[in-house]
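Q: Provided below are the primary sequence and the corresponding predicted coordinates.
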Amino acid sequence: MMIAMALLTRPELLIADEPTTALDVSVQAQILQLLRELQGELNMGMLFITHNLSIVRKLAHRVAVMQNGRCVEKNNAATLFASPTHPYTQKLLNSEPSGDPVPLPEPASTLLDVEQLQVAFPIRKGILKRIVDHNVVVKNISFTLRAGETLGFSGRVRFREKHDGTGAAATD
């Protein structure tokens, strides 16, 4: 919302301080794409402040690396990411995850076995707050969770899907 309000004035310069922090990945990608398009349409300069190096790598033409409030290195993005000269920049770039994830050992016992899980929250309307529909946030997900294992879910919510109340979960 703040970005939209700032762009209403058709600025020559947009200063965006962590504009995509705390957004899920798909919304973040949409915001970044929109900013790129608007930057081209408006011929607008953009000062993009972020801690996220992958965003900087995709978005910036030039990069300034800050350490304790001071600029320790600046260069065009391609050069800076390919050949950083300052030790702090090198340390930052070396801290980025790379390579393939290390496979975890196969845990032994099954803690939870879930088939076709669905989760829906009621949508209430009116003065009596009657349920008029459901917002489905998980639809037909099946998984097994074993001892010592961490299972991560990532994605986006699609609104206005119907909930049919099916699914099962079992534990030992």
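A: Looks like it arrived, so ask away. Owing to the predicted nature of the structure, the values given are computational and were not obtained by experimental measurement.

Q: tell me where the model's unsure across the chain.
A: 1-2, 104-108, 154-172 (pLDDT under 70).

Q: helices of that one, residue ranges please.
A: Per DSSP state H, the chain has helices spanning 2-7, 25-42, 53-59, 77-82, 87-94. These are given in chain order.

Q: need the ones you listed in TSV (columns: distance to Leu128 and mean neighbour count).
A: All C-beta atoms are positioned from the backbone trio N, CA, C, and that covers glycine. Formatted as TSV, the helices of the chain follow (distance: least, CB to CB, whole Å; neighbours: other CB atoms under 10 Å):
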stretch	distance to Leu128	mean neighbour count
helix 2-7	35	12
helix 25-42	34	13
helix 53-59	46	15
helix 77-82	57	15
helix 87-94	56	14
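
Q: for Val138, which of the ones you listed is the nearest?
A: Of all the helices of the chain, it is helix 25-42 that lies closest to Val138, at 16.2 Å by CB to CB.

Q: so how far is the closest one from its chain's centroid?
A: In terms of CA atoms, centre = their mean, to the nearest Å, the centre of helix 25-42 is found 14 Å from the chain centre.

Q: the residue most central in space within the chain and Val56, how far apart?
A: In the chain, the residue lying closest to the centroid (CA atoms, centre = their mean) is Val25, at 2.5 Å. Distance of Val25 to Val56, computed by CB to CB, to the nearest Å: 16 Å.

Q: do the same with Val114
A: 39 Å.

Q: from memory His86 sits against Cys71, does it?
A: No - between His86 and Cys71 there is no contact under CB atoms under 8 Å: 9.7 Å.

Q: compare the two (neighbour count), which wins?
A: The neighbour comparison of His86 against Cys71 (other CB atoms under 10 Å) goes to His86, with 16 against 10.

Q: which residue packs closest to the more buried one, ignoring adjacent ones?
A: Glu73 (4.0 Å; CB to CB, 6 or more residues apart in numbering).

Q: quick check: bridge partners of the one you found?
A: Val65 (DSSP bridges).

Q: OK, contacts around it?
A: When contacts are counted by CB atoms under 8 Å, 6 or more residues apart in numbering, Glu73 touches Ala64, Val65, Leu80, Pro84, Thr85, His86, Tyr88, Thr89.
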